[in-house]
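In: Make a model of this:
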Amino acid sequence: MLSKVYGSAVFGIEATTIAVEVNVDKGIGYHLVGLPDNAVKESNYRIAAALQNIGYKVPGKKITINMAPADLRKEGSAYDLTLALGILAASNQIRSTNIDRYIIMGELSLDGSLQPIKGALPIALKAKEEGFRGFILPKENAKEAAIVDNFEVYGVKNIKEVIDFFDEEVPLERTKVDTVKEFQTFQDFPEFDFLDVRGQEGIKRCMEIAAAGGHNIILIGPPGAGKTMLAKRLPSILPPMTVQEALETTKIHSVMGKVKNMGLMHQRPFRSPHHTISSAALVGGGSYPQPGEISLSHNGVLFLDELPEFERRVLEVLRQPMEDREVTIARAKFAVTYPSSFMLVASMNPSPGGYFNDPDAPVTSSPAEMQRYLGKISGPLLDRIDIHIEVTPVPFEKLSEKRGGESSKQIRERVVAARNIQSQRFSNLNQVHYNAQMGTKHIREFCVLDPTSLELLKNAMQRLNLSARAYDRILKVSRTIADLNNQENISPEHIAEAIQYRSLDREGWLG
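Out: From the prediction side, this is the model:
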């Protein structure tokens, strides 16, 4: 007898429905076709043991299983439950009148219990799009898949529950999530708060500007100046994610199996990879590509601590994704594109010893050592970072102050107000939502300068020998400063402040 059950495969962050056709006939043998990988081929051992331990069996006949489309490679152990139900239905051990109306996925343990899978959210979105009635999957993934509105999601702990649902019509408990209510509940509880930061008012101002315009920023200063502390607090002042942004971010983390019982992600991601990371781990890769750190930080912050310690070739792969806000990983037979619209926050010491031109410093470096150290970061990469700012140590008087500074909530209110101005400005543009995303065409339209501002910028360009990309960066930052001040036009004060935030372009840093 022939039966058909449906599963799904995830490529990139999109799912493709897989039809599992099972035919049981006279003879002996087990044939699994349709480009399965080793994990799928090994499923027959897990299925046989699991069925035996719950009172069923794999029939001693000729079993042929085709996973269509047959030219698409299937990988992972998530097809165990799909294959097991197909075998039971084809051998008439269970009734299967409605089995083809559901997507069924799950990894089997030998006792019949189910282990969580990856990519539940993209699979649920595709299943709803194609008109399936529901999705049956492990309990740990149910909340994640239930994010999809008006779609039946059933989380199960054991294959016996699924068998009873189809064979004896024992109802399964549907998982429901009020996405909007749950999303709004967790918006205002940052783990790190700027209230904890003493002093550093100028740096806080830079962080506010960076958050308001979505600008990349690099912090340069000696050890203990507070670079990492400030960077970790940046997500707390970023605008709350929209439901659409949360859905995009959750899909990427779902593919990596990092969501499970969390449901819809409500906080912007903050990723801080170690400096020994490889280029494949940073941008994504592998024989069957997986998202890298830049995609996992989509709609959030990618923090690279001690930037010169990263391998130069690793840093260079950031250049194209920072411009295009997506990364395409190409293989011989296919290519996968992952979104990577992130804010880059980097920190570094000004020299190998950690101190710059300080005669009282405990460790000093020669000019040659400093140039070699700073030379690990290429000019094109620095050009793509809008704000360069020096972080100086906090004096004792500031550290011992009992009075705290502004809280993240207060700063965030100004950031949100500036972002709202930008949303209105770019309301007719599909690919631009905040100032950092502006292209050359948009800069010419929205960053018009008066003669005084233009002369000021011209002098800065000549004296600092700035590139055309640095020119655009200054205009973008000045536009954000004007938005924070709720001013329609860019003034000389805004240009002057934006020029100050190009520390690494000044003489004495990179020569």
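In: residues touching the residue most central in space within the chain, list them.
Out: Among the residues of the chain, the one closest to the centroid is residue 296, at 2.5 Å (Cα atoms, centre = their mean). Residue 296 sits next to 252-253, 256, 258, 269, 271 when contact means Cβ atoms under 8 Å, 6 or more residues apart in numbering. In short, each C-beta sits where N, CA and C put it, glycine included.
In: 10 Å instead?
Out: 249, 252-253, 255-256, 258, 269, 271, 273, 284, 290, 302, 338, 340, 342 (Cβ atoms under 10 Å, 6 or more residues apart in numbering).
In: Tell me the one among those nearest to residue 163.
Out: Nearest to residue 163 among these, counting by Cβ to Cβ, is residue 255 at 29.0 Å.
In: Tally up the residues packed near the closest one, please.
Out: For residue 255, the neighbour count with other Cβ atoms under 10 Å is 25.
In: right, and it touches residue 338 too?
Out: Yes - the criterion here is Cβ atoms under 10 Å, and residue 255 meets it with residue 338 at 8.8 Å.
In: Mutual contacts of those two, please.
Out: Residues within reach of residue 255 and of residue 338 at once, by Cβ under 10 Å, 6+ apart, are 12-13, 290-291, 295-296.
In: which one among these gets closest to residue 378?
Out: Using Cβ to Cβ, residue 295 comes nearest to residue 378 of the shared contacts of residue 255 and residue 338, at 22.4 Å.
In: The residue nearest to the centre of the chain and residue 80, how far apart?
Out: Distance, residue 296 to residue 80, by Cβ to Cβ, to the nearest Å: 27 Å.
In: give the contact list for residue 120.
Out: Residue 120 is in contact with 8, 10, 15, 78, 105, 135, 137-138, 140-148, 153, 155, 251, 254-255, 257, 259-260, counting by Cβ under 10 Å, 6+ apart.
In: oh sorry, the question was meant for residue 337
Out: Neighbour list for residue 337: 12-14, 284, 289, 295, 324, 326-330 [criterion: Cβ under 10 Å, 6+ apart].
In: and if we set it to 8 Å?
Out: Taking Cβ under 8 Å, 6+ apart as the criterion, residue 337 is in contact with 12, 326-329.
In: Equivalent analysis for residue 339, please.
Out: 13, 248, 252, 295, 298, 325-326.
In: Among those residues, name the buried ones.
Out: Among the contacts of residue 339, those buried by neighbour count (16 or more other Cβ atoms under 10 Å) are 13, 248, 252, 295, 298.
In: Doesn't the last one lie inside a helix?
Out: No - counting by DSSP: H, G, I helix; E, B strand; the rest coil, residue 298 is located in no helix; its state is coil.
In: any idea how far it lies from residue 480?
Out: Separation of residue 298 from residue 480 (Cβ to Cβ): 21 Å.
In: How about the first one?
Out: Here the criterion is Cβ to Cβ. By it, residue 13 lies 30 Å from residue 480.
In: cool, and residue 18?
Out: Distance from residue 18 to residue 480, counting by Cβ to Cβ: 47 Å.
In: More neighbours: which of these two?
Out: residue 480 (31 against 20).
In: Assumed that one was part of a helix.
Out: Yes - counting by three-state DSSP, residue 480 is located in a helix.
In: Inside helices: which ones of the buried ones among the contacts of residue 339?
Out: Judged by DSSP state H, helices contain the following of these: 248, 252, 295.
In: May I have the strands that pair with the host helix or strand of residue 135, each with its orientation?
Out: If you go by DSSP states H and E, residue 135 is part of strand 134-138. Pairing partners of strand 134-138, with direction, according to DSSP bridges: strand 102-104 (parallel), strand 152-156 (parallel).
In: Now find how far off-centre the following helix or strand past it is within its chain.
Out: Note on strand 134-138: by DSSP H and E, the next helix or strand toward the C-terminus is helix 139-145. Here helix 139-145 is found 19 Å from its chain centre; the criterion is Cα atoms, centre = their mean, to the nearest Å.
In: From here on, call the first residue 543.
Out: All right, first residue 543 from here; so that's helix 681-687.
In: name the helices or strands packed onto helix 681-687?
Out: helix 662-671, strand 694-698 (3 or more Cβ pairs under 8 Å, 6 or more residues apart in numbering; DSSP states H and E).
In: Tell me how far the longest one lies from the chain's centre.
Out: Read it as helix 662-671. Helix 662-671 sits 19 Å away from the centroid of its parent chain (Cα atoms, centre = their mean).
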